[in-house]
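Asks: could you look at this predicted model? Sequence included:
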Amino acid sequence: MSDVISPVLITCPNTGEAVQTVLRLRPSAFEALRGEYSFRCTRCGEVHRWSKDEAWLKIPASVLAAEAAAAKASG
């Protein structure tokens, strides 16, 4: 997995849409997250609490393509 800093996303419980939290992390830092966090949702305006189990990183398509190409080349 790359070491690119990416936005942390959750699903807004009111709209069902993916929304960026205020955090931007490397994958290693994301894996180390513990506890609950909160932010004001840009989709519905409410404050949402979330934990790592409900979140994911938005990995840029260019990074995913590069990782896939490297995996294919190595075999």
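Replies: The structure has been received and is ready for your questions. Numbers count the residues shown, from 1 in each chain.

Asks: tell me the mean pLDDT for the longest helix seen in the chain?
Replies: For the chain, the helix with the greatest residue count under DSSP state H is helix 61-74. Average pLDDT, helix 61-74: 77.

Asks: so what's the gap between that helix and the chain middle?
Replies: 19 Å (C-alpha atoms, centre = their mean, to the nearest Å).

Asks: again with stretch 15-26
Replies: Here the centre of stretch 15-26 is set off from its chain's centre by 6 Å, with C-alpha atoms, centre = their mean.

Asks: give me the contacts around that stretch.
Replies: 3-12, 33, 37, 39, 41-44, 50, 55, 57-58 (C-beta atoms under 8 Å, 6 or more residues apart in numbering). No exception for glycine: its C-beta is placed from N, CA and C like everyone else's.

Asks: list buried residues within those.
Replies: Using 16 or more other C-beta atoms under 10 Å as the burial test, the contacts of stretch 15-26 include 6-12, 33, 37, 39, 41, 50, 55, 57 as buried.
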